[in-house]
Structures are given as C-alpha cells and as structure tokens.
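>>> Following is a predicted model, sequence given first.
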Amino acid sequence: MARHTTATMTALLGGKRAVVALVPIGSTEPHGPHLGLGTDVIISAAACVRAADVFDKRGPLVAVVAPAVPYGVTECAAGFAGAISVPAGVLTAYLNAVCDGLLATGVRHVCLVNNHLEPAHDAAVRAALEGRPAGKVSVACPLTKKWARTLSAEFKSGACHAGQYETSIMMAAAPELVDEAVRVALPPVAISLSDKLRAGVGTFTEMGMTAAYTGAPAAATEAEGEALIDKLAAMVVDEVRASLGLPISA
C-alpha cells in the first residue's frame with residue numbers, strides 16, 4: 001500500500017474486487033545474537049505478502065499490505081538492549097485508529113496479522129475487534145490452537161523464540177538479516193516460553209534465556225522457512241475469508 005499513489009489506490013478501491021488490507025504487526029525486541037530486533041514484523045510482512053498473492057489468484061478479494069506496526073507489548077524482553085514496549089491500551093487504541101482509517105478509505109476488511117506472541121500483546125491486538133460489526137476486522141495469529149497445530153514441532157513445544165522456527169522463516173524472508181556465522185554456532189536451548197509463562201515466569205531473564213533465544217537456530221533451513229510462510233499465509237487467507245463468511249480451506 002505504501003507504494004501506491006492516491007490515484008492508483010483510488011483505482012484499486014473502485015475495481016470489481018473488494019479490497020482487503022493486511023496489517024503486519026510485530027515488535028521491536030531481541031531475537032538472540034543472530035536475528036534483528038524487527039524479526040516479528042518481518043515474519044508478519046512475509047505472511048502478508050504471500051497471502052496477498054493467494055488472494056490475487058483466488059476468489060472475489062484483492063489484498064494490499066498496509067504499512068506495518070513495529071512496536072508492541074514487549075515486557076518479556078525487559079532488560080535487553082533494543083526491547084521497546086508500549087502499553088497495551090496504547091497499542092489497542094492505535095490499532096483501532098488504523099482500522100477505522102483503512103475502513104473509512106474504502107477497504108472492505110482489515111486483517112491484523114500478528115507474529116509477536118507475547119500473550120499480553122496478543123490480547124491487546126484482539127481488543128481492537130471489540131464492538132465492531134461482523135466482517136470488518138479480523139486477527140490472524142498462530143497462537144490460536146487451530147493454526148498452532150499446523151506449524152513445526154519446535155513451535156508447538158514453545159521453545160521457539162529465535163530458534164529453528166523463526167530463524168528458518170527469516171532465512172527465507174530476509175536472509176541478509178541473519179548472521180550466519182553466529183547462527184550456526186549457537187547451541188540449542190530447551191526452554192519452553194509457553195510453559196514458563198503458564199508457571200508465572202514473566203521475563204526472558206527469569207526464564208534463563210540469557211542470550212534472548214530458545215530453540216535450535218543452528219538447525220534452521222530456508223526450505224523450512226518457505227513452508228512455514230506458506231502456512232502462515234494460509235492462516236491469513238482463511239481468517240479473512242471466515243470473517244467474511246466465505247468458504248475456507250482449513
């Protein structure tokens with residue numbers, strides 16, 4: 001969408017196919033010594049771009065990828081350089097305003113595509129759905145059990161922050177942002193974020209994630225990343241279609 005002019009956006013909105021805006025959402029936080037602080041945003045953007053390709057080839061909708069939201073609720077990473085957190089209420093209010101603006105400009109539907117999986121952040125994103133008519137806004141996030149079960153074993157284990165899961169996606173989506181020399185030398189870390197959070201342990205430091213990663217980044221591959229992006233794109237497509245009452249594939 002950022003590459004459109006107002007003239008080309010007007011033409012798109014006036015076309016025969018209803019326009020869906022996909023908003024990539026992530027965070028600015030540490031992802032080990034081998035991945036950039038913007039990893040979550042890049043993962044969301046990669047899923048959005050691939051989903052837009054699917055929409056282009058299938059059905060009555062056309063999608064544009066809206067400018068990303070790069071900050072979120074990032075309290076788990078407190079104490080690490082580059083961890084930028086915003087209050088949950090601020091994030092929800094901002095997302096509400098973004099959705100209102102996109103809908104006012106003429107898009108049929110807005111999908112908030114979130115790959116920063118901190119529970120408080122996910123709740124703040126989902127709060128932007130409250131009070132809205134059906135079919136206007138949806139959220140696509142792999143924390144939902146329906147989508148989590150389609151992803152990798154590492155993802156399902158919860159030991160997946162900057163590990164094999166996220167690193168594989170980054171190798172496929174933005175390999176220039178992966179420090180290969182560091183990645184291949186990293187030992188696996190078997191700490192499940194989901195288990196720790198359920199036990200009331202709230203920060204990476206308290207969990208024992210001294211290098212801000214868990215999982216097995218050295219085992220990551222570009223091929224796995226490509227397959228995972230396909231799965232995340234399918235999640236986006238089906239969340240939109242379900243919200244609009246259209247047939248879904250999953």
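Nice, I can see it.

>>> what residue lies at the spatial centre of the protein?
Asn115 (2.4 Å; Cα atoms, centre = their mean).

>>> And the strands in the protein, which stretches?
When secondary structure is read from DSSP state E, the chain shows strands at 18-25, 61-65, 109-114, 137-140.

>>> Next, format those strands as CSV and append mean neighbour count and distance to Thr6.
(Each C-beta comes from the backbone N, C-alpha and C, glycine too.) Below are the strands of the chain laid out as CSV (neighbours: other Cβ atoms under 10 Å; distance: least, Cβ to Cβ, whole Å):
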stretch, mean neighbour count, distance to Thr6
strand 18-25, 25, 14
strand 61-65, 21, 13
strand 109-114, 26, 19
strand 137-140, 24, 23
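
>>> before we move on, back to that, right, and the residue nearest to the centre of the chain touches Gly26 too?
Yes. Using Cβ atoms under 8 Å, Asn115 is in contact with Gly26, at 5.9 Å.

>>> Please enumerate the shared neighbours of these two.
Common contact partners of Asn115 and Gly26 (Cβ atoms under 8 Å, 6 or more residues apart in numbering): 40-41, 43-44.

>>> Of those residues, which pair is most distant in space?
Val41 and Ile43 (7.3 Å; Cβ to Cβ).

>>> Name the nearest residue to Pro142, sequence neighbours excluded.
Once flanking residues are discounted, Pro142 sits nearest to Ala148: 5.5 Å by Cβ to Cβ, 6 or more residues apart in numbering.

>>> Is there a neighbour count for Leu12? I'd like the number.
When counting by other Cβ atoms under 10 Å, one arrives at 16 neighbours for Leu12.

>>> and it, how far is that from Val237?
Separation of Leu12 from Val237 (Cβ to Cβ, to the nearest Å): 19 Å.

>>> Equivalent analysis for Leu177, please.
From Leu177 to Val237 the distance is 26 Å (Cβ to Cβ).

>>> and Cys141, how many neighbours does it have?
When counting by other Cβ under 10 Å, one arrives at 23 neighbours for Cys141.

>>> picking that back up, look at Leu177 and Val237 and report which has more neighbours.
Counted by other Cβ under 10 Å, Leu177 and Val237 do not tie: Val237 has more neighbours, with 29 against 16.

>>> give the contact list for that one.
Val237 touches 51, 54-55, 58, 248-249, counting by Cβ under 8 Å, 6+ apart.

>>> run the last query once more with 6 Å
51, 54 (Cβ atoms under 6 Å, 6 or more residues apart in numbering).
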